[in-house]
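[1] predicted structure and sequence below. I'll ask about it afterward.
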Amino acid sequence: MHEGHLHIARAALQGLALDALLLVPAAQPPHKRGRRLAPGTDRLALLELACAGDPRLRPDPVELERGGVSYSYDTARALHARSPGVALYSVIGADTLADLPTWWRLRELAALVTFCPVTRPGWTLDLTPLAAAIAPRDLARIREHVVEAQPHPASSTAIRAALAAARRPVGLADAVYAEILARGLYGPSDGGT
């Protein structure tokens with residue numbers, strides 16, 4: 001988790017008036033099948049370091065504990081079972097809206113969580129692809145829960161490239177960078193994402 005992600009998380013906390021935001025590292029993201037990931041325990045430890053000092057940001061190992069492919073539908077069901085009656089919001093990039101129709105059990109997922117798209121430069125909030133994929137009331141909830149966030153210069157791609165080239169990346173907290181080095185993650189020979 002880099003400073004850009006934290007910026008978005010804090011914008012969501014403020015814009016949606018949330019008490020807390022769970023940050024859930026995936027065990028096996030369905031959209032990254034076949035790609036080698038850093039071990040889940042390492043990714044969780046980095047997330048905990050990145051969130052230190054802000055008690056509203058809460059790393060949650062729910063997907064790592066379950067293991068297997070990390071479908072958001074399964075995670076939402078697990079979170080509802082753990083905290084019945086708590087409203088769940090899923091903060092996503094506005095660019096992800098176009099991919100939502102490919103998500104597993106989307107119609108059921110959209111009934112369990114409110115998707116909250118974060119606006120980014122160059123993206124328009126086009127909900128047309130979702131019109132046939134989810135119920136109209138769930139589509140309306142998306143329109144009502146847009147998060148406005150100012151741009152942030154941190155980039156996952158640039159950070160991975162810098163780490164692979166053994167350079168100090170821009171956009172990582174010092175503690176996170178030190179832990180990446182200590183664990184030997186994301187370096188020239190590691191290959192993990």
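    Noted; the coordinates are in hand.

[2] which SS state does the closest residue in space to residue 106 that isn't next to it in sequence fall under?
    The spatial neighbour of residue 106 that comes closest, neighbours along the chain excluded (CB to CB, 6 or more residues apart in numbering), is residue 133 at 5.5 Å. C-beta here means a position set from N, CA and C on the backbone, and glycine is covered the same way. Of the three states, residue 133 takes coil under DSSP: H, G, I helix; E, B strand; the rest coil.

[3] what pLDDT does residue 133 get?
    You'll see residue 133 listed with a pLDDT of 95.

[4] what do you get for the one 5 residues further on?
    What the model reports as pLDDT for residue 138 is 97.

[5] what sits against it?
    110, 111, 114, 115 (CB atoms under 8 Å, 6 or more residues apart in numbering).

[6] then residue 99?
    Residue 99 touches residue 31, counting by CB under 8 Å, 6+ apart.

[7] isn't there a strand covering it?
    No: with three-state DSSP as the criterion, residue 99 is assigned helix and is not in a strand.

[8] can you tell me how far it sits from residue 187?
    Applying CB to CB, to the nearest Å, the value for residue 99 to residue 187 is 30 Å.

[9] hey, where'd the strands end up in the chain?
    Assigned by DSSP state E, the chain shows strands spanning 21-23, 57-59, 88-93, 113-119, 147-148.

[10] phi, psi for the residue nearest to residue 106 please.
    Dihedral pair for residue 133: phi -90, psi -20, per degrees, to the nearest 10.

[11] what is the neighbour count of the closest residue to residue 185 other than its chain neighbours?
    Distances taken as CB to CB, 6+ apart place residue 38 nearest to residue 185, at 5.0 Å, with adjacent residues excluded. Using other CB atoms under 10 Å, residue 38 has 19 neighbouring residues.

[12] repeat for residue 19
    Neighbours of residue 19 (other CB under 10 Å): 7.

[13] low-confidence ranges in the protein?
    Applying pLDDT under 70 to the chain picks out residues 33-34, 121-122, 189-193.

[14] and for the closest residue to residue 69 other than its chain neighbours, the neighbour number?
    The spatially closest residue to residue 69, leaving aside those adjacent along the chain, is residue 28, at 4.8 Å (CB to CB, 6+ apart). Residues within reach of residue 28, counting by other CB under 10 Å, total 16.

[15] ok, residue 28 touching residue 68?
    Yes: counting by CB atoms under 8 Å, residue 28 does reach residue 68; the two are 6.3 Å apart.

[16] what is the neighbour count of residue 151?
    Residue 151 has 10 neighbours, counted by other CB under 10 Å.

[17] out of the contacts of residue 138, which end up buried?
    Burial by neighbour count, judged by 16 or more other CB atoms under 10 Å, picks out 110, 114, 115 from these.

[18] export these to a markdown table and tack on distance to residue 95?
    Supplementary listing: the buried ones among the contacts of residue 138 in a markdown table, determined by distance: CB to CB, whole Å:
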| residue | distance to residue 95 |
| --- | --- |
| 110 | 18 |
| 114 | 18 |
| 115 | 13 |
